[in-house]
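Asks: quick one, structure for this:
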Amino acid sequence: MDSMVQTAIESLVEQKAQAGQMFTAYDITQAVRQQVGRGVDVPHNSVRDEVHALYGDMSSNYSYTRSFIRLTNGQEAWLYHPVTDDPYTYPLAAQPATPVAQTTVGGSAVAQPTSPIAQPAAPIAQPASPLSSGSGVGTATLPTSSSQPTTTTISRRSNRGRNPSSVPVDRFGRIRVPAQVLRDAGYRPNDRIYAVLGAGSVSFVAIPPAGTKARKYVVDQYNNIRVHLHGKYTSKTFSMSTTGNIITALPL
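Replies: Modelled structure (predicted):
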């Protein structure tokens, strides 16, 4: 994925979560396309996968959950929203045939129908859950009806990817350089930084050495970057350190 598109996705998701807004992955796709312009290819499938991957951070940092709903256009989608919000208040959500009452899931109020909803004649394909099995994730229940939202909740706060001595590789083969590491090396939002994938380590520098293959990234407004390792390393965890404005990531 283009690094500019990736940065735009992460920034937009962060902005919406901070503002407590409801959104689907397609909302993010449309916003990214508008932001980067027609000259950049923005496949919805790639954006959707990225938004799903960011769900753990939304849940732990902003008390977000997600509900599988039917939209007014007949499509079904995951709706990301604060745990206390009724997913049926999303403007494009198809309203259920029965009144909606509030019940409690994991200590938070969640909308549920007041009476059973007829099951469809054929089972509805269940989307694969992007939730990881890390310590910050609770249980996830997939939907059993096209009109009844099913909510996933997070029970514990996660520090995934924030400890510089143990930075995990995500399921897309990327590492996220923690914001504090970038700050310690003197990088701020909108700064350019180059990633050099070496034989035994990854280096992040302001100016790449001559003759080396380096990929340029731009630090986003939250002082993060995500770097794709392209399967070069077998390790699933890295340790990061700084020396001046040079960041070194060593596979553990």
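
Asks: and the longest helix for this structure?
Replies: helix 3-19 (DSSP state H).

Asks: buried residues in that helix?
Replies: Judged by neighbour count (16 or more other Cβ atoms under 10 Å), helix 3-19 contains these buried residues: 3-14, 16-17. Every residue, glycine included, has its C-beta placed from N, CA and C.

Asks: again, but for stretch 35-45
Replies: By neighbour count with 16+ other Cβ under 10 Å, stretch 35-45 contains the buried residues 36, 42.

Asks: return the distance of it from the chain's centre.
Replies: 18 Å (Cα atoms, centre = their mean, to the nearest Å).

Asks: what's in contact with it?
Replies: With contacts defined as Cβ atoms under 8 Å, 6 or more residues apart in numbering, stretch 35-45 is touched by 2, 4-5, 8, 12, 25-26, 29, 32-33.

Asks: strands of this structure, start to end?
Replies: Shown for the chain, the strands assigned by DSSP state E span residues 64-70, 76-82, 100-105, 108-113, 151-152, 167-168, 174-177, 192-197, 202-205, 215-218, 225-228, 237-243, 246-251.

Asks: so what does the first one touch, helix or strand wise?
Replies: Contact here means 3 or more Cβ pairs under 8 Å, 6 or more residues apart in numbering; DSSP states H and E; on that basis strand 64-70 packs against helix 55-62, strand 76-82, strand 108-113, strand 151-152.

Asks: that strand to helix 3-19, inter-axis angle?
Replies: Interaxial angle of strand 64-70 relative to helix 3-19 (axes from the mean of the first three to the mean of the last three Cα atoms, to 10 degrees): 100 degrees.

Asks: so how far is strand 64-70 off the chain centroid?
Replies: For strand 64-70 - counting by Cα atoms, centre = their mean - the centre lies 14 Å from the chain centre.

Asks: residue nearest the middle of this protein, spatially speaking?
Replies: Nearest to the mean C-alpha position of the chain, by Cα atoms, centre = their mean, lies residue 54 at 1.2 Å.

Asks: need the pLDDT of the closest residue to that one other than its chain neighbours.
Replies: Of all residues beyond its chain neighbours, the one nearest residue 54 is residue 13 (5.2 Å), with distances taken as Cβ to Cβ, 6 or more residues apart in numbering. The model reports residue 13 with a pLDDT of 92.

Asks: mind listing what residue 13 touches?
Replies: With contact set as Cβ under 8 Å, 6+ apart, residue 13 has these partners: 23, 28, 51, 54, 58.

Asks: how far away is the third one from residue 25?
Replies: Same thing as residue 51. For residue 51, the distance to residue 25 equals 4 Å [Cβ to Cβ, to the nearest Å].

Asks: so between these two, which is more surrounded?
Replies: residue 51 (25 against 21; other Cβ atoms under 10 Å).

Asks: measure that one to residue 9 for me?
Replies: Residue 51 is 7 Å from residue 9, by Cβ to Cβ.

Asks: next one: residue 39
Replies: Taking Cβ to Cβ as the measure, residue 39 falls 17 Å from residue 9.

Asks: run a quick neighbour tally on the residue nearest to residue 17 when sequence neighbours are not counted.
Replies: Spatially, and ignoring its direct neighbours in sequence, residue 17 is nearest to residue 62 (4.3 Å; Cβ to Cβ, 6+ apart). Residue 62 has 17 neighbouring residues, counting by other Cβ under 10 Å.
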